Each structure stands twice: as structure tokens, then as C-alpha cells.
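> Any chance you could fold what I've pasted below:
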Amino acid sequence: MKKFGVFLAIILTVSATAVSSVVAMPDMNIVTANCQATQSTLQRLAKVDVSARLNRGGDYDKLLKLMFAMNARLATNHIAAPKLSEITERYEKSIAEFRRDYDVYDEDLSYLSKIISCSTKPSEFYSSLEKTRFSRAILHNDVVELDQLTDEYTTFLNETVENIL
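The predicted structure follows:
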């Protein structure tokens, strides 16, 4: 009976994996038919993302400098704020991750929009599209984390100021 249960579990796992891969991969005729519009959209996205990265990255750098300045000012005035220093350190690491992840995403997007022809290699194009989507999702998570750290810093800074007053 145990052998049957193990066998059934293996069959269910294999069939679930097969079904999920079939559902995930669209008909290549659909990919080919939407090829021109997709590549045009990807090229526009690449242009918009470059300016967004520069603006967002610049804002992150400015905010990090302000955090360092505030932490230094608090330390100069003998106000202990270790939580703010810890958040600033995490923020700095998150910016580095954002930059690394953006470089990966940018490489994936460039490869997708310039190198692969979706009309001649639709399955390779679709696989690359999925990889680019995954890279973009990771980048989105980095942005969410940086926003959360900004909020966390603001909250603890306000608490520190309230305790002083």
C-alpha cells in the first residue's frame, strides 16, 4: 500500500508539472502574431525605464546623504539613535541591490528587445520575456523595500524628535 501511495504521489507531481508548463507556454502563433506590437512596446519600456532608473537612483542617493547627515547631527548632539543608523545601513545595502538587480533587468530587456526576433524564434523570445518579467519583479521588490525603509526611518526619526522635545 505504501508503494502505491508513493507511486500515486509521483504521478500527481509529474502530471501537475506537465500541466503547469503547458499552461504557462502560450501558442507560438499568438507570440508571432503579436510580435511587432510587443517589440515596439518593449523598446518604449526600455526608454522609459532608463530615465526612471536615473531619477529614482538619484533620489535614493540624495535620501541616503540626508540620512547620513541626520545621523551625524544626532551623534554630534549626543542623541543616541542606533535604530536610525541601522536603517540607514540597510538602506545603503538595498540601494546596492537595486543597482545590481537593475543591471540584470536592463541586460535581460536589451537582449529581449534587440537581439531575439519574436517572429523567427517565438519560443526563445517567450522564454526571454518570462526571464525579463522575473527580473522586473525582483526590481519591483527592491523598490518596495526601499520605500518601506524610508517610511521606517521617518517613523523612528519622528519618535526620536518627540522624545527630545
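> drop to CA atoms for contacts and neighbour counts, all remaining ones
Noted.
> my guess is residue 123 contacts residue 29, does it?
No. In this structure, residue 123 sits apart from residue 29 without contact. The criterion is CA atoms under 8 Å, and the distance is 10.0 Å.
> So which of the two has more stuff around it?
Neighbour comparison, residue 123 and residue 29: the larger count goes to residue 123, with 18 against 12 (by other CA atoms under 10 Å).
> Could you give the backbone dihedrals for the closest residue to that one other than its chain neighbours?
Here the nearest residue to residue 123 in space, its sequence neighbours aside, is residue 28; by CA to CA, 6 or more residues apart in numbering that works out to 6.6 Å. With angles defined as degrees, to the nearest 10, residue 28 sits at phi -70, psi -20.
> what residues are up against the residue nearest in space to the middle of the chain?
Geometric centre of the chain, nearest residue: residue 139, 1.5 Å, by CA atoms, centre = their mean. For residue 139, the contacting residues are 98, 101, 102, 105, by CA atoms under 8 Å, 6 or more residues apart in numbering.
> Of those, which belong to strands?
Judged by DSSP state E, strands contain none of the contacts of residue 139.
> which of those residues lies closest to residue 85?
Nearest to residue 85 among the contacts of residue 139 is residue 98, at 19.8 Å by CA to CA.
> What's the separation between the residue lying closest to the closest one once chain neighbours are set aside and residue 54?
Leaving aside its sequence neighbours, residue 98 sits nearest to residue 142 (CA to CA, 6+ apart; 5.6 Å). Spatial separation of residue 142 from residue 54 under the definition CA to CA, to the nearest Å is 15 Å.
> quick one on the thing from earlier: pull up the per-residue confidence for the residue nearest to residue 123.
Among the per-residue scores, residue 28 holds a pLDDT of 73.
> Now do the domain split for this protein, please.
Segmentation of the chain into domains, based on automatic domain parsing, reads 1-26, 34-164.
> what's the nearest residue to residue 32 if we skip its chain neighbours?
The shortest distance from residue 32 to any residue other than its chain neighbours is 4.9 Å, reached at residue 119 (CA to CA, 6+ apart).
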